[in-house]
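[1] Show me how the following folds:
(one chain, ligands or ions: 1)
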Amino acid sequence: MDERCPVVIDPTGQDVHAEARRIRANGPVSRVELPGGVLAWSIVGHDAASRALTDVRFSKDPRKHWTAFANGEIGQDFPLIGWALMDNMTTAYGRDHSRLRRLTAKAFSPRRVEAMRAKVVRVANDLLDELGSCATGEVIDLKARFAHPFPSRVICEIFGVPEESRAEVLRGGEQNVDTTLTPEEVTANIEQWHKVMHAFVEDKRRNPGDDLTSDLIAAQEEDGSRLTESELVGTLFLLLATGTEPVMNLIVNAVHAMLTMPDQRDLVRTGTVGWSDVIEETLRVEAPVAHLPFRFPTEDVEIAGVTIPKGEPVLIGFAGIGRDPAVNGEDADQFDATRTNKEHLSFGHGIYRCIGYPLAMQEIEFALPALFQRFPEIALAVAPQEVRPQGTFIMNGRKELLVRLTPPATA
Ligand code: HEM
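    Okay, here's the model as predicted:
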């Protein structure tokens, strides 16, 4: 049992990196206190996390393996209750997880994703064209105008979400990572996203199309044991949310790095490093998913000299893992695209590793150079210290990214 004082997690996510450093000061595996006073464990050490992520004794199913949840001690007023109530890969373990993963993973194989390239390029170019009509020197929010609509349009097209319902269908996922919501807002969000997603599935059942939602519905109708109705809705919710939120953060964080570190941007301009170095270094220093709930040991598990008792909740601190000095050196906090070693686990590791990796990489590898090629003068429109954090501890992004695509007109 760890007797050190648990780090109290800041629900507003003001500085997820400083928080990860405080957690690491207690050790790579240490106690944290979540909003609502729930005690949990956080793993911020790279090696400890690699072990935990491949250890089959860690379940993701709160119904079976979170003792306090199963005993009814975790109420609707727990601000992260949405993460326990989902019915998808986020909360599935063992055979259930393999079954759900099999149904969706093949849709995102490198070959299938290659076939999506034309869509990705078209959506990015359309958005860049729209940005091209901005007035000289106009200040725009690049997150709202590009980093969000780009992956969200791509994933909505892949899943056949009609344009008029996209904002509603995606809202549940956005709110699910907002750790500043009140318990009442969390409950209302869960009710609302269930309603919206069920309506979307019903509509798709009546009007199937050439899209992945129709494929999942067909798989379910063929054999109900492959996917329950609740899992179908939960899986769609997960894929639409993960298809948008972390990609958006990766774009925002990479652009932010380029706009706040002119020396790093020059390295790209001069060809000293490639965009792939910038992307990998952004993934390492600014992991888009900061601190992910939940895992639950199915028995007492010892990792890095600490015993995590059976049935207690564990979070994986991806933002801290990339900055672990034990693998990336004492200057691990420093963004340096020339680093040869850019160790991170920002797409996860082991059997839960990100299904969307090939799609996310295709999106960022096209969008980032295309943006800087189209707008070589792009600059931050506010002082670097005025760029606000996203306001969540689960994700790592910015509230907005105010930029000028061209310099202001001189009088
Ligand atoms: C930069 C973009 C992305 C990042 C950084 C990212 C990160 C992650 C991480 C860290 C995990 C592991 C979660 C765990 O261990 O519990 C994960 C899993 C997952 N990701 Fe991504 N993701 C990204 C993009 C995407 C995209 C585009 C999709 C596809 C629509 C997607 C779908 C998923 C799914 C379904 C899982 C669950 C896998 C499982 O439980 O077996 N992700 N992602």
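[2] And the average pLDDT for stretch 286-303 is what?
    Mean pLDDT, stretch 286-303: 98.
[3] residue contacts, the residue in the stretch 301-411 of the chain positioned nearest to the ligand?
    Using CB to the nearest ligand atom, the single residue of the stretch 301-411 of the chain nearest to the ligand is Gly356, 1.9 Å away. Yep, even glycine has a C-beta here, placed from its N, CA and C like the rest. Counting by CB atoms under 8 Å, 6 or more residues apart in numbering, Gly356 touches Phe108, Leu239, Thr242, Gly243, Val247.
[4] Would you mind listing what in the protein touches the ligand?
    The chain comes close to the ligand at residues 89, 101, 155, 238-239, 242-243, 246-247, 250, 288-289, 292, 318, 346-348, 352, 354-356, 359-360, as judged by CB under 6 Å from any ligand atom.
[5] now do 5 Å
    Within the chain, the positions near the ligand by CB under 5 Å from any ligand atom are 89, 101, 239, 242-243, 246-247, 250, 288-289, 346-348, 352, 354-356, 359-360.
[6] Is there a quick ChimeraX command that grabs whichever of these are buried?
    The buried residues among these can be selected in ChimeraX (16 or more other CB atoms under 10 Å) with this line:
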select :89,101,239,242,243,246,247,250,288,289,346,347,348,352,354,355,356,359,360
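[7] From the residues of the chain next to the ligand, which land in helices?
    Here DSSP state H is the test, and the residues of the chain next to the ligand give Arg101, Leu239, Thr242, Pro246, Val247, Leu250, Leu359, Ala360 as lying in helices.
[8] need these in JSON lines with pLDDT, can you?
    Below are those laid out as JSON lines (pLDDT from 0 to 100):
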{"residue": "Arg101", "pLDDT": "95"}
{"residue": "Leu239", "pLDDT": "97"}
{"residue": "Thr242", "pLDDT": "97"}
{"residue": "Pro246", "pLDDT": "98"}
{"residue": "Val247", "pLDDT": "98"}
{"residue": "Leu250", "pLDDT": "98"}
{"residue": "Leu359", "pLDDT": "97"}
{"residue": "Ala360", "pLDDT": "98"}
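[9] now, the most widely separated pair of these?
    Farthest pair in these (CB to CB) is Arg101 and Leu250. Separation: 22.3 Å.
[10] Phe150 touches Asn125, doesn't it?
    No. The pair Phe150 and Asn125 does not pass the contact test of CB atoms under 8 Å, sitting 10.2 Å apart.
[11] Compare those two (neighbour count), which wins?
    Taking other CB atoms under 10 Å, Phe150 and Asn125 do not tie; Phe150 has more neighbours (25 against 14).
[12] Contacts only, for that one.
    Val123, Ala124, Leu127, Val247, Met248, Ile251, Glu363, Ala367.
[13] Secondary structure element for it, which one?
    Using DSSP states H and E, the element containing Phe150 is helix 149-158.
[14] roughly how far apart are Arg24 and the ligand?
    18 Å (CB to the nearest ligand atom, to the nearest Å).
[15] before we move on, what about Val121?
    From Val121 over to the ligand the distance is 16 Å, taken as CB to the nearest ligand atom.
[16] How about the secondary structure of that residue?
    Assigned with DSSP: H, G, I helix; E, B strand; the rest coil, Val121 falls in the helix class.
[17] Return the residue spatially closest to it, with its sequence-adjacent residues excluded.
    Nearest residue to Val121 in three dimensions, chain neighbours excluded: Phe366, at 6.0 Å (CB to CB, 6 or more residues apart in numbering).
[18] who's in contact with that neighbour?
    By CB under 8 Å, 6+ apart, the contact set of Phe366 is Arg117, Val120, Val121, Ala124.
[19] same thing but 7 Å
    Val120, Val121, Ala124 (CB atoms under 7 Å, 6 or more residues apart in numbering).
[20] and if you look at Ile43?
    Pro28, Val29, Ala49, Ala52, Val314, Ile316, Gly317.
[21] for the record, mean pLDDT for the helix or strand where the third one lies?
    Assessed by DSSP H and E, Ala49 sits inside helix 46-53. The pLDDT scores in helix 46-53 average 98.
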